[in-house]
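# quick one, fold the following:
(one chain, ligands or ions: 2)
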Amino acid sequence: MPMDPDEVYRSVSNALRKELELRDKLEKEVKALRAEHDTLKDILVGRGILIEGHRTVLVRIGDAAAARAGRTVKLNLYPDKYQVANADVDCVALFPLCRARCCSFSHYLSVQDVQEGLVKWDIEDPYHIRREADGYCTHQSRKTGGCTIHPHRPGTCRAYDCRQDRRVWIDFEKKIPAPMPEGLVPHGE
Ligand code: SF4
Ligand code: SF4
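Ligands and ions are numbered 1, 2, ... in the order given. You can find the predicted model right below:
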């Protein structure tokens, strides 16, 4: 009998979450080891066994190894997004000026989002919210510019306050929007 797609999604999500916990643990251990390594280098340089040039080479090797380790799975920390207070911004009234460009910004989902399975994420960069080629979030309505999953949107979307964000406003009080980012084509009325 074929497996229920929701069941498959939950299994994959749970496996990725366990991987994340393991990676977190390993990252902490690697960080501690690097700190010990740095201390050792300082001692060896202090005793004249290594020169500064050696230290530079060792740092370069360490950085290259860290880059090769590849991407990490990331999650946001909101335990319950439904308890996150909305920023006091009148998005509907401001939409003709801001064109909801906040919905093109990069952010990560939470464990709750992943378990609910309602917010889509980028399969090549778990659990980064999925965006389309036009730069906007998958869940933004291309007709109205609104959020198609509004009751279930992530905690980051709920808490975000654009008033001081220079990507959105040159001056929020005077309602002067910043220029739209290059390549971003706004949707909606
Ligand atoms: S940019 Fe600001 S006003 Fe516009 S939709 Fe986003 S949060 Fe609302
Ligand atoms: S989930 Fe909704 S509010 Fe959040 S970025 Fe996407 S369209 Fe915007």
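# could you point out which element follows the longest helix anywhere in the chain?
In the chain, ranked by residue count with DSSP state H as the criterion, the top helix is helix 5-46. Scanning forward in sequence from helix 5-46, with DSSP states H and E defining helices and strands, the next element found is helix 52-68.
# how far does that next one sit from the chain's center?
What separates the centre of helix 52-68 from the centre of its chain is 27 Å, taken as C-alpha atoms, centre = their mean, to the nearest Å.
# ok, back up a step: the longest helix of the chain relative to helix 52-68, how many degrees between them?
On the basis of axes from the mean of the first three to the mean of the last three C-alpha atoms, to 10 degrees, helix 5-46 is oriented at 180 degrees to helix 52-68.
# what about helix 5-46, distance to the chain center?
When C-alpha coordinates are averaged (C-alpha atoms, centre = their mean), helix 5-46 and its chain have centres 18 Å apart.
# could you do stretch 136-146 as well?
Between the mean C-alpha point of stretch 136-146 and the mean C-alpha point of its chain there is a distance of 19 Å (C-alpha atoms, centre = their mean).
# for it, which outside residues touch it?
Outside stretch 136-146, the residues within contact range by C-beta atoms under 8 Å, 6 or more residues apart in numbering are 95, 99-100, 103-104, 119-120, 129-132, 147-149, 153, 184, 186-189. C-beta here means a position set from N, CA and C on the backbone, and glycine is covered the same way.
# list the buried ones in it?
Residues of stretch 136-146 classed as buried: 136, 137, 139, 140, 145, 146 (neighbour count, 16 or more other C-beta atoms under 10 Å).
# name the helices or strands packed onto the lowest-mean-pLDDT helix or strand in the chain?
Averaged element by element with mean pLDDT, DSSP states H and E, the chain has its least confident helix or strand at helix 52-68 (a mean of 72). Secondary structure elements in contact with helix 52-68, counted by 3 or more C-beta pairs under 8 Å, 6 or more residues apart in numbering; DSSP states H and E, are helix 5-46.
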